[in-house]
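Participant: What follows is a predicted protein model with its sequence.
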Amino acid sequence: MRKGISAALLAPTTYAWAIRAVELRVRAGRRLAVDGLDLSMGNGVHGLLGPNGAGKTTLMRALATVSRPAGGVLELLGHPVHARSDLRTLRRSIGYLPQEFGFYGRFTVREFVEYLAWLKEVPAHDIPDAVQRALERVGLAERGDSRMKTLSGGMVRRAGIAQAIVNDPEILLLDEPTVGLDPEQRLAFRSLLRELGEHTCVVVSTHLVEDVVAACTNVVLMDAGRLVFHGGPADLVELGREGVGDSSAERGYTELLRRHRAAGERTA
Ligand SMILES: Nc1ncnc2c1ncn2[C@@H]1O[C@H](COP(=O)(O)OP(=O)(O)OP(=O)(O)O)[C@@H](O)[C@H]1O
């Protein structure tokens with residue numbers, strides 16, 4: 001048995017949900033930015049929406065096991081995540097594109113993705129093919145030998161998506177992946193998302209409600225650290241038949257937040 005990995009982590013696990021949170025609380029600095037969240041997610045593409053400061057990035061960081069929960073239950077692929085969990089094996093099955101990420105500008109795109117594949121403990125002999133496939137999936141195969149510092153903002157984002165998918169994760173977390181992508185790339189990205197969601201639990205945080213309707217199987221709406229709505233994109237569109245906003249989906253989003261806040265004021 002490999003040193004440092006417990007038998008419990010190596011044992012096959014069965015689970016109903018790839019991600020399960022019950023009364024989850026997560027701190028951002030000293031603030032409880034996720035405050036009593038109940039949420040279960042399986043395979044599919046889950047669009048995480050919410051106003052600025054809703055707690056989306058804080059939740060993504062907890063799902064990526066970057067921050068540990070301050071309370072409640074968090075289970076990823078059936079493994080509990082808490083202060084004392086051994087997360088090394090679990091992290092091999094997670095892909096994460098943070099909102100902001102650093103890289104060595106002198107690395108080529110291929111070296112950058114290879115390095116992350118190595119950190120994710122992808123077996124060495126699988127790395128070249130895995131990297132090539134990830135670069136092809138984000139449309140960067142032609143730029144594999146370019147240095148990271150020579151890429152445009154949108155291309156850096158695509159390199160970030162490539163590193164997140166290079167280990168074929170079972171949970172894929174993408175924090176605002178479409179920022180800086182041109183319209184053609186956004187369309188290509190939507191179809192990549194749909195493809196990935198067939199066998200993976202994909203969580204995509206975004207402010208683009210239209211992207212969620214076009215590419216997601218589920219909508220998760222948060223406000224002030226709590227779950228406001230979890231349903232299908234069609235439910236959001238249906239709710240937005242009337243109200244303020246340029247599209248039905250945006251109106252549905254606004255209407256859900258309005259109802260949630262009005263209910264909060266009544267109970268306060
Ligand atoms: N390091 C920190 N220290 C203190 N407070 C923080 C820290 N990071 C985030 N917060 C606060 O936690 C709350 C949730 O922030 P978070 O970044 O998770 O929201 P978000 O939904 O991702 O927002 P956005 O849409 O603007 O990216 C906000 O009120 C924010 O000000």
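Facilitator: That came through, no problem.
Participant: Tell me the residues of the chain that contact the ligand?
Facilitator: Residues of the chain found near the ligand (CB under 6 Å from any ligand atom) are 28, 29, 31, 33, 50, 52, 53, 54, 55, 56, 57, 58. Placement of C-beta: from N, CA and C, glycine included.
Participant: secondary structure element for the closest residue to the first one other than its chain neighbours?
Facilitator: Read it as residue 28. Excluding its sequence neighbours, the residue lying closest to residue 28 (CB to CB, 6 or more residues apart in numbering) is residue 58, at 4.5 Å. Per DSSP states H and E: residue 58 is located in helix 56-63.
Participant: and after that helix, which helix or strand comes next?
Facilitator: Sequence order places strand 71-76 as the next helix or strand after helix 56-63, per DSSP H and E.
Participant: and that following strand, what other elements does it pack with?
Facilitator: When contacts are defined as 3 or more CB pairs under 8 Å, 6 or more residues apart in numbering; DSSP states H and E, strand 71-76 sits against strand 19-28, helix 56-63.
Participant: Just say which of those is most tucked in.
Facilitator: Highest mean neighbour count among these (mean count of other CB atoms under 10 Å): helix 56-63, with a mean of 25.
Participant: How far off centre is the host helix or strand of residue 250?
Facilitator: For residue 250, the host element (DSSP H and E) is helix 248-267. Per CA atoms, centre = their mean, to the nearest Å, the displacement of helix 248-267 from the mean C-alpha position of its chain is 24 Å.
Participant: Kindly format the C-alpha coordinates of that helix as CSV.
Facilitator: Listed next in CSV are the C-alpha coordinates belonging to helix 248-267 (Å, rounded to 0.1, in the frame of the first residue of the first chain):
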residue,chain,number,x,y,z
SER,A,248,-36.8,35.3,-19.9
ALA,A,249,-33.9,33.6,-18.1
GLU,A,250,-32.6,36.9,-16.7
ARG,A,251,-36.1,37.8,-15.6
GLY,A,252,-36.5,34.4,-13.9
TYR,A,253,-33.2,35.0,-12.1
THR,A,254,-34.3,38.4,-10.9
GLU,A,255,-37.8,37.1,-9.9
LEU,A,256,-36.3,34.3,-7.8
LEU,A,257,-34.0,36.7,-5.9
ARG,A,258,-36.9,39.1,-5.4
ARG,A,259,-39.1,36.4,-3.9
HIS,A,260,-36.3,35.0,-1.7
ARG,A,261,-35.5,38.4,-0.3
ALA,A,262,-39.1,39.3,0.3
ALA,A,263,-39.6,36.0,2.2
GLY,A,264,-36.5,36.8,4.2
GLU,A,265,-37.9,40.2,5.1
ARG,A,266,-41.2,38.7,6.2
THR,A,267,-39.5,36.2,8.6
